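K.L.:
sharing a model prediction with you, sequence too.
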Amino acid sequence: MSSMLHSFLSLVAGLFFVVCCFASPLFTGALELQAADVEWDIDQEKLSADLRRAELADALKAVGGRMGWNIWIEPGLEARRVSTRFTDLSISEALRRIMGDLNYALIRGKSAGSSKLLVYATSASRATRKLNLSDQVLIFRSKKIDNEIIVQVKAGSPISIEEVADALGAKIIGKLDKLNAYRLSFEDAENADKARERLRDSESVQISDNFEWGRPGENRVYGGGSSSGFSLKARKADGNELVVGLIDMPVQGDESLSEFLLPEINLGGDKPATTDIPTHGTSMAQTLLKGAEIGNNGQSESSIRILPVDVYGGSETTSTFQVAQGIYEAVNAGASIINLSLGGNETVPLMEQMIHEASLQGVLFVGAAGNSPTTEPTFPAAYPDVLAVTAATQNGQVAPYANTGDFVDVMVPGRSFIEHNGTTFMINGTSASAAYVSGLAASISANSGRPVREVEMELRQKLPKP
């Protein structure tokens, strides 16, 4: 084995070690139950579950992980047995099946991760034990925006988008002028459907649906006491920095992270209120740098820079048009690698076209394969020009929550520990796996001077496959 190959494989082994050495105290069978046995249909707002032979605490973790709830339970009820199986029930119906003769109160919050479920026998005041949902993962799903369409005016067409919008009674609420792509909004779904029908066979425009992608869930405090901060430092800028575009939520830059951050591109609008909880974007930025640290050949400094592209702002969702716009802005700003730790289950022609064209220019795209144990494609990871990454467990097996479809290219650990405001947090999922690989690829390319697409080929060959 050549020394170069041996060194590369050592880096990969190091990546598994760094992530997994913290994981064993918390890795339990509850995660498999949570991921495999509960399904939330975001479009129909229906819950399906197979919770036979489960303890109540594990069943609640399973549901809470899917819904993003904080769960408090009356001490002593955790080990009660649950034996139920159901399909397509409303939230209230599902909870009643799970609780049996117990009582509960669901307190809806205004933001992601703020809803509370109290479970008790006689009084809500007795629900004093908070269940640890640190193994929660974000499920990638798409929800069509019924009153919107994406319109691309074909090259050479004599008509303008203003003429199209005026004829259809639509408002233009998003533009990618250089790609002749536009986001149109209608008064209601009925008018949008009429527009789809009128434009379906048009020779001048191409239409597609716009979808919502949910805001990633919050991280959970890790009480294990293990420090997870990275020691990598940013090398002084000299014009040769390798830029990684991070299409995500806002990134909160503390002192150690800020030196790696370029000025943010904000497509999401107003920011969420500053909190002590790291955003998904912050978690991915730190995880990316931890991957870069593994691939840095022992050097203490790196020329990598992260370009945060906020496509969420303070909203609960983003749209696939906004994500496509974020990709476009990041590539135009000079990003060589684009990290896509987000996604859905519907293909978007505009996004696929942009990724393909940027790939031909030498840009590497890294996508999260999705956090549902299926083989169904998750986009953008499933596009041919994206390096699709799924999550592995500490023993090198596919994580029980992770997607294993044919589109998946490689797998690395899906658990990341980060530091924020002096507290250690843990994130779980293929989002973290993708960020590790983006950082690893960036570091190898920056240190060797090799193009990122050449590094990508070596990653495809040498990293484990599911």
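P.N.:
It's in. Numbers count the residues shown, from 1 in each chain.

K.L.:
against Ala441, how distant is Glu322?
P.N.:
Just so we're on the same page, residue 322 is Gln rather than Glu. For Gln322, the distance to Ala441 equals 25 Å [Cβ to Cβ, to the nearest Å]. Placement of C-beta: from N, CA and C, glycine included.

K.L.:
let me fix that: Asn266
P.N.:
Using Cβ to Cβ, one gets 26 Å for the distance from Asn266 to Ala441.

K.L.:
between these two, which has more neighbouring residues?
P.N.:
More crowded of Asn266 and Ala441, by other Cβ atoms under 10 Å: Ala441, with 28 against 16.

K.L.:
looking at it, the more buried one is touching Val452, isn't it?
P.N.:
Yes - counting by Cβ atoms under 8 Å, Ala441 touches Val452, with 6.1 Å between them.

K.L.:
overlap in contacts of those two?
P.N.:
In terms of Cβ atoms under 8 Å, 6 or more residues apart in numbering, Ala441 and Val452 are both contacted by the residues 337, 364.

K.L.:
tell me the buried residues in the longest strand along the chain?
P.N.:
Longest among the strand segments of the chain by residue count, using DSSP state E, is strand 142-153. Neighbour counts using 16 or more other Cβ atoms under 10 Å place 142, 145, 147-153 of strand 142-153 among the buried residues.

K.L.:
toward the C-terminus, what is the element adjacent to that strand?
P.N.:
Following strand 142-153 in sequence order, the next helix or strand is helix 161-168 (DSSP states H and E).

K.L.:
and that next one, how far out from the chain middle?
P.N.:
35 Å (Cα atoms, centre = their mean, to the nearest Å).

K.L.:
could you export that helix as CSV, CA atoms only?
P.N.:
Extracted in CSV, the C-alpha atoms of helix 161-168 (Å, rounded to 0.1, in the frame of the first residue of the first chain):
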residue,chain,number,x,y,z
ILE,A,161,-41.6,37.2,-17.3
GLU,A,162,-43.6,40.4,-16.6
GLU,A,163,-45.9,39.6,-19.5
VAL,A,164,-46.3,36.0,-18.3
ALA,A,165,-47.1,37.1,-14.7
ASP,A,166,-49.5,39.8,-15.9
ALA,A,167,-51.4,37.3,-18.1
LEU,A,168,-51.7,34.8,-15.3
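
K.L.:
counting by contacts, list what that helix packs against.
P.N.:
The contact analysis (3 or more Cβ pairs under 8 Å, 6 or more residues apart in numbering; DSSP states H and E) places helix 161-168 against strand 142-153, strand 171-176, strand 181-185, helix 189-199.

K.L.:
got the angle between it and strand 142-153?
P.N.:
Counting by axes from the mean of the first three to the mean of the last three Cα atoms, to 10 degrees, helix 161-168 points 120 degrees away from the direction of strand 142-153.

K.L.:
helix 161-168 to helix 189-199, inter-axis angle?
P.N.:
Going by the same axes, to 10 degrees, helix 161-168 makes 120 degrees with helix 189-199.

K.L.:
buried residues, helix 161-168. List them.
P.N.:
161, 164-165, 168.

K.L.:
distance to Asp188 and pLDDT added to the buried residues of strand 142-153, as TSV?
P.N.:
As requested, the buried residues of strand 142-153 are exported to TSV (distance: Cβ to Cβ, whole Å; pLDDT from 0 to 100):
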residue	distance to Asp188	pLDDT
Ser142	20	88
Ile145	12	96
Asn147	6	97
Glu148	11	97
Ile149	13	97
Ile150	18	97
Val151	18	96
Gln152	23	95
Val153	24	94
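
K.L.:
I'd like those residues as a markdown table, with distance to Ser433 appended.
P.N.:
Output for the buried residues of strand 142-153, formatted as a markdown table (distance: Cβ to Cβ, whole Å):
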| residue | distance to Ser433 |
| --- | --- |
| Ser142 | 21 |
| Ile145 | 28 |
| Asn147 | 35 |
| Glu148 | 31 |
| Ile149 | 33 |
| Ile150 | 29 |
| Val151 | 35 |
| Gln152 | 32 |
| Val153 | 38 |
